[in-house]
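**Q** Model the structure of this input:
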Amino acid sequence: MSNTHTGLNGKVVLITGGSRGIGAQTARAFATEGAKVCVVGRDEDALDAVVTDISGAGGTCIAAVADVTDSAALEEARRRVESRLGPVDVLAAFAGGQGRPIPSVDLTEERWRQVIDSDLTSVFLTIRTFLPGMLERGNGSVITMSSAAGRQPSQANLAYGVANAGVVMLTRQLANEVGPRGIRVNCIAPSSILTEKVKANMPDDVRAKVAAAHPLGRLGTPDDVAQTALFLASDAAAWLTGITIDVAGGRVTH
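**A** Here you go, the predicted structure:
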């Protein structure tokens, strides 16, 4: 299962939003490199399916059921992964995805707070849970998940765009703060990714139009994002911190 040139063999990796889509594929990619993976999410059955898939292929994977907007649940996930796999070396804060279009005039205060909590506060709480251990050990890699909607205006709702732009600045500021302590913090900002959810909900004609809007002529795949995460966590990116990589098929205008 291992390609040890990445330096990820034996590393402990925790991925929030790991039950399906980008998070699940990222878990598979890290396991293929010999990492020991913990996937975190709210859907226990979906998490178990990822664990079964990775374990069946010879990898090491466990699951922790947690709501990433709940500090106590995240702390319990930390205790679980540390007791079963060891301290977390790579933290991928990938949970989120509340981008459904809503006209700003119709965006309620309740929905605003819900999206900000889901897509920005959750990243802060996840990092706050695992950062002390990384600081104590003097090493670690944190990878956050933003979106093309946080890089340029989009059809997503206003709160989603603001939250994801916030993730980019959270990444930059934290990288500046903890870099001297041996910890790297980087961000991935995907454009349109063909996840299970997108396949189920996006009609073929719309999918074709969205693909054509990208210079590379297709939608991204979860593995496009997963491979970027592998790079950012690997020895090949040892001198990179505070950056955001647009996994966007060339559709970058900022």
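**Q** the helices in the stretch 1-150 of the chain, which residues?
**A** Along the stretch 1-150 of the chain, the stretches classed as helices by DSSP state H, counting those that start in this stretch are 21-32, 44-56, 71-84, 109-116, 122-137.
**Q** wait, which of those is closest to N157?
**A** Closest to N157 of the helices of the stretch 1-150 of the chain is helix 109-116 (CB to CB; 6.7 Å). In short, each C-beta sits where N, CA and C put it, glycine included.
**Q** Show me the contact partners of that closest one.
**A** Helix 109-116 has contacts (CB atoms under 8 Å, 6 or more residues apart in numbering) with Q98, I102, N157, L158, A159, Y160, V162, A163.
**Q** Chain neighbours aside, what residue packs nearest to the first one?
**A** Counting by CB to CB, 6 or more residues apart in numbering, V115 is the residue found nearest to Q98 once chain neighbours are left out, at 4.3 Å.
**Q** report the angle between the axes of the helix or strand containing L170 and helix 122-137?
**A** Remark: L170 resides in helix 158-178, with elements defined by DSSP states H and E. Interaxial angle of helix 158-178 relative to helix 122-137 (axes from the mean of the first three to the mean of the last three CA atoms, to 10 degrees): 10 degrees.
**Q** tell me what helix 158-178 is packed against?
**A** Applying 3 or more CB pairs under 8 Å, 6 or more residues apart in numbering; DSSP states H and E, we find helix 158-178 packed against helix 109-116, helix 122-137, strand 140-145, strand 183-190, strand 244-247.
**Q** in the longest one, what's buried?
**A** It stands for helix 122-137. Residues of helix 122-137 classed as buried: S122, V123, F124, L125, T126, I127, T129, F130, L131, M134 (neighbour count, 16 or more other CB atoms under 10 Å).
**Q** if we take those, which one ends up nearest to D45?
**A** Nearest to D45 among the buried residues of helix 122-137, with distances taken as CB to CB, is S122, at 21.3 Å.
**Q** tell me the pLDDT at the closest one?
**A** S122 is assigned 97 on the pLDDT scale.
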